[in-house]
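K.L.:
Okay, here's the prediction I keep looking at, along with the sequence it came from:
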Amino acid sequence: MPYIAHREELQSATQTAGWNQIKLMNDEIAAELDADLELNVLAPNAATPRHYHTGCEHYIFIVKGQAELILEDGPQAVATGYLIAIDSEEHHALKNVGQDDLEYLEFFVPGSGATTIVEE
């Protein structure tokens, strides 16, 4: 039987001012696949904290909007339709530079990796 849920029924993993992270895999499926999939919504001018991941590969797909991917060697403009692969332990952040919400999917393999916020 397929797993079907409306966006409004999904669990928010993180919800802070300007940033909503929505889990797209329930815990059982995430554990079985050892992966994690999330939909993120950033309000205009909002940004994720500078961070990095260890023990996993990290992929971002921009569903809607315009963003600045902030990397150690400088910013990179990205927008709807871009796929970003970020190496383990690479420091990064994402900032919404558009007028509307930025929506992007994040996929982590394996899902058991760790995230560390970088203090500025």
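P.N.:
Yep, that arrived.
K.L.:
Please make it C-alpha for all contacts and neighbour counts, starting now.
P.N.:
Noted.
K.L.:
wait, what's in contact with the residue positioned nearest the centre of the chain?
P.N.:
Nearest to the mean C-alpha position of the chain, by C-alpha atoms, centre = their mean, lies residue 106 at 3.9 Å. With contacts defined as C-alpha atoms under 8 Å, 6 or more residues apart in numbering, the neighbours of residue 106 are 36, 37, 38, 39, 40, 58, 59, 60, 61.
K.L.:
Could you double-check that the fourth one lies in contact with residue 25?
P.N.:
Spelled out, it's residue 39. No. Here residue 39 lies out of contact with residue 25, judged by C-alpha atoms under 8 Å, at a distance of 10.1 Å.
K.L.:
Who has more neighbours out of these two?
P.N.:
Shown here are residue 39 and residue 25; by other C-alpha atoms under 10 Å, residue 39 has more neighbours (22 against 17).
K.L.:
CA atoms only for the host helix or strand of the more buried one, dumped as PDB, please.
P.N.:
According to DSSP states H and E, residue 39 maps onto strand 36-42. Extracted in PDB, the C-alpha atoms of strand 36-42 (Å, rounded to 0.1, in the frame of the first residue of the first chain):
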ATOM      1  CA  ASP A  36      16.400  11.300   5.000                       C
ATOM      2  CA  LEU A  37      14.300  13.500   2.700                       C
ATOM      3  CA  GLU A  38      13.000  17.000   3.700                       C
ATOM      4  CA  LEU A  39      11.100  19.900   2.200                       C
ATOM      5  CA  ASN A  40      12.500  23.200   3.300                       C
ATOM      6  CA  VAL A  41      10.800  26.600   3.000                       C
ATOM      7  CA  LEU A  42      12.800  29.800   3.500                       C
END
